[in-house]
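Colleague: Return atomic coordinates for the entry below.
(2 chains)
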Amino acid sequence: SQQGEEDPQALSIQEGENATMNCSYKTSINNLQWYRQNSGRGLVHLILIRSNEREKHSGRLRVTLDTSKKSSSLLITASRAADTASYFCATALSGYSTLTFGKGTMLLVSP
Amino acid sequence: SQTIHQWPATLVQPVGSPLSLECTVEGTSNPNLYWYRQAAGRGLQLLFYSVGIGQISSEVPQNLSASRPQDRQFILSSKKLLLSDSGFYLCAWSAQGRNQPQHFGDGTRLSIL
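Modeller: Now for the predicted structure:
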């Protein structure tokens, strides 16, 4: 099964609202990364959080990591229509340079 | 700055035909390179990755192969395509070392008829 699983699978909100997506994983990780994918395009890296970090911010994005629960969350504040995309978490296992991606959360932000 | 180029953007091929998808990276040296496949509504499946010229690791047994003839060139190939090879193929690169993000090309949409 997938190392990372996002929840919910789909999320629909209004502009200005906050969007929260969660990611759970199964084994110890070196870092966890979040990516965005617009329809029909490649993935864009958003944030990388290391296993010894608990929270990181980048603009309107806030990522938390709880290694005891093996979970992470991505919060997008004051969402905009342009935030409409699929969001993926990816885990880097200790000692490996490859990433394992979840199936993603589809976010729809309506004007 | 670094850029990654992937082509073609769209490809329609008959079953049994060969395949060659090319990916090149500019602005960096000795990158790790990756090929992924993404089925509709699914996450990414890692197909191959390479940490150097001629060094290819395969993650999933399949009808595809990969080669890295130059430091910043990564090629995905098949001798005979199957219907199940349809999908969205993505190339990515990362710097060497731990805790490195991956940077993706815009992908190739492959349809097998």
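Colleague: how near is whichever residue of chain A sits closest to chain B to residue B:71?
Modeller: Going by Cβ to the nearest Cβ, chain B is nearest to residue A:42 of chain A, at 3.5 Å. C-beta: built from backbone N, CA, C; applies to glycine. Distance of residue A:42 to residue B:71, computed by Cβ to Cβ, to the nearest Å: 21 Å.
Colleague: which of the two has more neighbours?
Modeller: residue A:42 (21 against 15; other Cβ atoms under 10 Å in any protein chain shown).
Colleague: Spatially, what comes nearest to the more buried one if we skip its sequence neighbours?
Modeller: residue B:104 (3.5 Å; Cβ to Cβ, 6 or more residues apart in numbering or on different chains).
Colleague: Could you do residue B:52 as well?
Modeller: residue B:30 (6.8 Å).
Colleague: how would you label that neighbour: helix, strand or coil?
Modeller: Here residue B:30 is recorded as coil under DSSP: H, G, I helix; E, B strand; the rest coil.
Colleague: count of residues packed around it?
Modeller: Quick note: residue B:30 (other Cβ under 10 Å) scores 11 neighbours.
Colleague: Likewise for residue B:35?
Modeller: 25.
Colleague: near chain B, which residues of chain A?
Modeller: Residues of chain A lying close to chain B by Cβ under 8 Å from any Cβ of the partner chain are A:2, A:30-31, A:33, A:40-45, A:48, A:50, A:88, A:90, A:92, A:97-104.
Colleague: Pull out the buried members of these.
Modeller: A:2, A:30-31, A:33, A:41-43, A:45, A:48, A:88, A:90, A:92, A:97-104 (16 or more other Cβ atoms under 10 Å in any protein chain shown).
Colleague: List the beta-bridge partners for the closest residue to chain A within chain B.
Modeller: Residue of chain B nearest chain A, by Cβ to the nearest Cβ: residue B:104 (3.5 Å). Beta-bridge partners of residue B:104, counted by DSSP bridges, are residue B:92.
Colleague: mind listing what the nearest residue to residue B:95 once chain neighbours are set aside touches?
Modeller: Closest residue to residue B:95 apart from its sequence neighbours, by Cβ to Cβ, 6+ apart: residue B:31 at 6.4 Å. Contact partners of residue B:31, counting by Cβ atoms under 8 Å, 6 or more residues apart in numbering or on different chains, are B:25, B:71, B:72, B:93, B:94, B:95, B:96.
Colleague: Now that we have those, which of them are buried?
Modeller: B:25, B:72, B:93, B:94, B:95.
Colleague: can you put those residues in CSV and add secondary structure, distance to residue B:41 and pLDDT?
Modeller: CSV is the format used below for the buried ones among the contacts of residue B:31 (DSSP: H, G, I helix; E, B strand; the rest coil; distance: Cβ to Cβ, whole Å; pLDDT from 0 to 100):
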residue, secondary structure, distance to residue B:41, pLDDT
B:25, strand, 28, 97
B:72, coil, 32, 96
B:93, strand, 26, 97
B:94, strand, 25, 96
B:95, coil, 31, 94
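Colleague: Buried ones in the least confident helix or strand in chain A by mean pLDDT, by neighbour count?
Modeller: Within chain A, confidence by mean pLDDT, DSSP states H and E is lowest for strand A:4-7 among all helices and strands, at a mean of 83. Residues of strand A:4-7 classed as buried by neighbour count (16+ other Cβ under 10 Å): A:4, A:5, A:6.
Colleague: so which strand or helix has the residue nearest the centre of chain B?
Modeller: Taking Cα atoms, centre = their mean as the criterion, residue B:35 is the residue nearest the geometric centre of chain B, at 2.9 Å. Per DSSP states H and E, residue B:35 falls inside strand B:32-38.
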